[in-house]
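Engineer: Using only what follows, build the 3D model:
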Amino acid sequence: MIKTTSPIPDFPDFHEFYGYTPENALFFDIETTGLSHKSACVFLIGTIHLENGTWQLTQYLAEHSSEEKQLLETFFTDTLPYDTLIHFNGSTFDVPFLNAKANAYELTGISLHGVSGKSSGQQSSEKSACQTSDAADVPFSTHPFAAAEKNSLDLYRTLSVLRHLPGQESLKQSALEKLAGWQRTDTLTGKHMVAMFHSFDKTQDPELLRLMLLHNHDDLVGMTRLLPLAAYRILADGDFDCVRSCSLCIDETEAAPHLEAEIQLRLPLPAPLSFSLSCDEFPVSGAPVCDIIVKNSTARLRFPGISCELKYFFPDYKNYCYLPLEDQAIHKSVASYIDKEYRVPAKAATCYTRKSGTFYWQPQPFLSPDFRASFDAKAHFFAYNEEFSQHPNLLALLIQCCFRRFFS
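Structural biologist: I've put the predicted structure just below:
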């Protein structure tokens, strides 16, 4: 069995964000001759670990398929000191494959165990109200291995929300590496690797050895270069430092002023991001209700203004009367001075007051007073308040929900 070791310079420092201790974490990636553990074998395993302050990349290559058991024993032994194993889509392939091989060779005492795809943590009411897809269930934390008492961090699952990014057609590791701005040297595919190993098994050609090790090396290094994509995951969680400013702006093309908010992010994005949110019940169907532009550590949200008449619905309708001629509700204490023929007990759908002005969309009634076109309308709106400019963080829940909606 061949073993190689090399240092990795400029390792991205996102350990605290992903929830693992560097000294206790092991990155790993495997190469196999096929997808089925019954007919294929593991011939190459690469790992990355921190040793004496330096990240080291270690590779174990079986020179022949007959060395698979030795390869597995070495790898399983090397995982013992670590409490967190980090991989890319290993929950689907690497972990089950290794577990099956361990059972086949009766190495069950150091076998890996399956991982959960759900978070056991509790979501806030604001978060659960805004996130509706399976992306919201992807936990941004480690998963416990059932019996080995190890944690598994699957970067594929953690970064799966990136599929919503404009132009992001694939969640393959190579596609995410491009998003992160990293270019690999290796150009081989898994099929190439299988053919090369079968040939190397017979010829021991050093050039084939170099190419196989390079492919696995770039898979491992590429995995670490995905760590800065945490900045997108932070946005998906609706997390940022603060709302720096909020103001009304207007340009020549607008009939009403738009509301603009500037956000300070926790981490800079690897690449600029621009997207829009829309709402079916918006007065102009399909029109954006919020435009978001993110560059480096700053995000700008633009809410177009709508000039119209909307309704504010009083929550305690039993204490109100509805005036049909006035088309509004007033409190009983005032309605007692109006003839009975001009008032009726208010219902939830008629307990409102009308207001004309410029309004801005919100996905939930985060900002009060909350206005709607009708009682059953799903679209919510708010009016600008000077207090927003003085205390821009009043918009924090609204902005959090906008980010979460986009990534879900």
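Engineer: List of residues touching the helix or strand containing Cys308?
Structural biologist: Counting by DSSP states H and E, the element that carries Cys308 is strand 306-313. Residues from elsewhere that reach strand 306-313 (CB atoms under 8 Å, 6 or more residues apart in numbering): 255-256, 282-283, 348, 351-361, 369-375, 381. No exception for glycine: its C-beta is placed from N, CA and C like everyone else's.
Engineer: Make a ChimeraX selection of the buried ones in those.
Structural biologist: Buried residues among the contacts of strand 306-313 (16 or more other CB atoms under 10 Å), as a ChimeraX selection:
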select :256,282,283,351,352,353,358,359,360,361,370,371,372,373,381
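Engineer: Just the contacts of strand 306-313: which are in strands?
Structural biologist: Among the contacts of strand 306-313, the residues falling in strands (DSSP state E) are 352-361, 371-372, 381.
Engineer: any idea which of the residues you listed is closest to Glu31?
Structural biologist: Trp361 (50.1 Å; CB to CB).
Engineer: What segments of the stretch 51-200 of the chain are strands?
Structural biologist: For the stretch 51-200 of the chain, applying DSSP state E, counting those that start in this stretch gives strands covering 54-61, 84-87, 143-144, 151-154.
Engineer: Now render those strands as JSON lines, adding mean pLDDT, distance to Asp218 and mean neighbour count.
Structural biologist: Output for these, formatted as JSON lines (pLDDT from 0 to 100; distance: least, CB to CB, whole Å; neighbours: other CB atoms under 10 Å):
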{"stretch": "strand 54-61", "mean pLDDT": "96", "distance to Asp218": "10", "mean neighbour count": "18"}
{"stretch": "strand 84-87", "mean pLDDT": "92", "distance to Asp218": "15", "mean neighbour count": "24"}
{"stretch": "strand 143-144", "mean pLDDT": "33", "distance to Asp218": "26", "mean neighbour count": "18"}
{"stretch": "strand 151-154", "mean pLDDT": "87", "distance to Asp218": "19", "mean neighbour count": "23"}
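Engineer: So which of the ones you listed is nearest Phe314?
Structural biologist: Across the strands of the stretch 51-200 of the chain, Phe314 has its closest neighbour in strand 143-144 (47.1 Å, CB to CB).
Engineer: Hmm, Val194 and His215 touching each other?
Structural biologist: No. Applying CB atoms under 8 Å as the test, His215 and Val194 come out as separate, 11.2 Å apart.
Engineer: more neighbours, those two?
Structural biologist: Per other CB atoms under 10 Å, whichever of His215 and Val194 has more neighbours is His215, with 24 against 16.
Engineer: Distance of that one relative to Leu171?
Structural biologist: Shown here: His215 relative to Leu171, a distance of 20 Å by CB to CB, to the nearest Å.
Engineer: now Ser91
Structural biologist: Relative to Leu171, and taking CB to CB, Ser91 is found at 14 Å.
Engineer: again with Ser66
Structural biologist: Applying CB to CB, the value for Ser66 to Leu171 is 36 Å.
Engineer: still on that earlier bit, closest to His49 among the ones in strands among the contacts of strand 306-313?
Structural biologist: Minimum distance to His49 across those is 49.1 Å, recorded for Trp361 (CB to CB).
Engineer: Leaving aside the residues adjacent along the chain, what's closest to that closest one?
Structural biologist: Residue nearest to Trp361 in three dimensions, not counting chain neighbours: Val289, with 3.9 Å by CB to CB, 6 or more residues apart in numbering.
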